[in-house]
Structures are given as structure tokens and as C-alpha cells.
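Q: from the sequence below, what's the structure:
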Amino acid sequence: KRLYKTKVLPLEQLYRFDIFNSPFMTDAEFDAKPQVMLLGQYSVGKTTFIRYLLGCDFPGQRIGPEPTTDRFTAILDGPDERVIPGNALAVSHDMPYRGLERFGVAFLNRFEGAQLPNQVLRNITLIDTPGV
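A: Here you go, the predicted structure:
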């Protein structure tokens, strides 16, 4: 983080990197846990695999034989079980999702957070995706 702030960030600011590529990195992005995104065709078991890893269901989970996951879901550790709208995650200064704002409201409406207390999620964030 120190290297970025002392060496890279001044260059990004000088050449206005945030205008044509991505916003400057925030402390939340540096301090975030590793994130693992599960990708695959629909109905191959991505959500079921996450449920197996966690040992429980997570808020907003949908499982069925037809395509049921219709959004990107960040599964996060937290004190209580709840669903967090994508817009709220993208504007939160303590979450590493501020860069997603540039994809617009249509994407953020298809993005949400599922928070629950879980031992596995203390060290990693999982991202469930719709089928590709």
C-alpha cells in the first residue's frame, strides 16, 4: 500500500489515469480479503459448491434445475445474515467495490452482497455468478 501511495499514485494523478481506465485504488481495496469468483455454465453447481464450502445456506441463495442465479453475489463475512443491495456495496467506503460504479445502475441492480457469520468467510470472499 505504501509503495502504491508513494510511487504509483502520483503518476496516476499526473497522467489522469482515473479518467480513461479505472479509479485510484482505495484503502478498502488494499485491505480486502482475497476474492474467489466461481464461473461456469448455468446449473453446473456453483451455488451448491459455495453452500458445501460454507456448510450452510446464505441469504438470497437460489438453487434449482433451471437457471436460478440471475445476479452476481458477493458472499461476505459479517455479524448478521442479510442481503446488501449492489448500489450500497458500491458506494460503501469500507468495501472494495467502488470501481463497479462505472458499470452503471443496470449492473449494480444485478449485483448484491450476502452477509453471514461464517468461519470460512473470515479469510475469503466468494463471488457467485449467473451461468455463462
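
Q: list the buried ones in stretch 48-60?
A: Using 16 or more other Cβ atoms under 10 Å as the test for burial, stretch 48-60 gives 50-51, 53-54, 58-60. Every residue, glycine included, has its C-beta placed from N, CA and C.

Q: any weak-confidence spans in the protein?
A: The chain contains residues with pLDDT under 70 at 63-69.

Q: for it, just list every one of the strands.
A: 35-38, 72-77, 82-85, 111-116, 125-128 (DSSP state E).

Q: and the most centrally placed residue in the chain, how far from residue 49?
A: Residue closest to the average C-alpha location in the chain (Cα atoms, centre = their mean): residue 74, at 4.1 Å. Computed as Cβ to Cβ, to the nearest Å, the residue 74 to residue 49 distance reads 16 Å.

Q: go on, residue 5?
A: Separation of residue 5 from residue 49 (Cβ to Cβ): 37 Å.

Q: repeat that for residue 58.
A: Per Cβ to Cβ, residue 58 is found 12 Å from residue 49.

Q: once you drop chain neighbours, what's closest to residue 121?
A: Distances taken as Cβ to Cβ, 6 or more residues apart in numbering place residue 77 nearest to residue 121, at 3.5 Å, with adjacent residues excluded.

Q: if I take the biggest helix by length in the chain and strand 72-77, what angle do their directions form?
A: Longest helix in the chain by number of residues (criterion: DSSP state H): helix 46-54. Relative orientation of helix 46-54 versus strand 72-77 (axes from the mean of the first three to the mean of the last three Cα atoms, to 10 degrees): 10 degrees.

Q: let's see helix 46-54 as PDB, backbone CA atoms only.
A: The C-alpha atoms that make up helix 46-54 are tabulated as PDB, following Å, rounded to 0.1, in the frame of the first residue of the first chain:
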ATOM      1  CA  LYS A  46     -21.600 -23.200  -8.500                       C
ATOM      2  CA  THR A  47     -24.100 -22.100  -5.800                       C
ATOM      3  CA  THR A  48     -24.300 -25.700  -4.400                       C
ATOM      4  CA  PHE A  49     -20.500 -25.800  -4.200                       C
ATOM      5  CA  ILE A  50     -20.500 -22.500  -2.200                       C
ATOM      6  CA  ARG A  51     -23.200 -23.900   0.100                       C
ATOM      7  CA  TYR A  52     -21.000 -27.000   0.600                       C
ATOM      8  CA  LEU A  53     -17.900 -24.900   1.500                       C
ATOM      9  CA  LEU A  54     -19.900 -22.800   3.900                       C
END
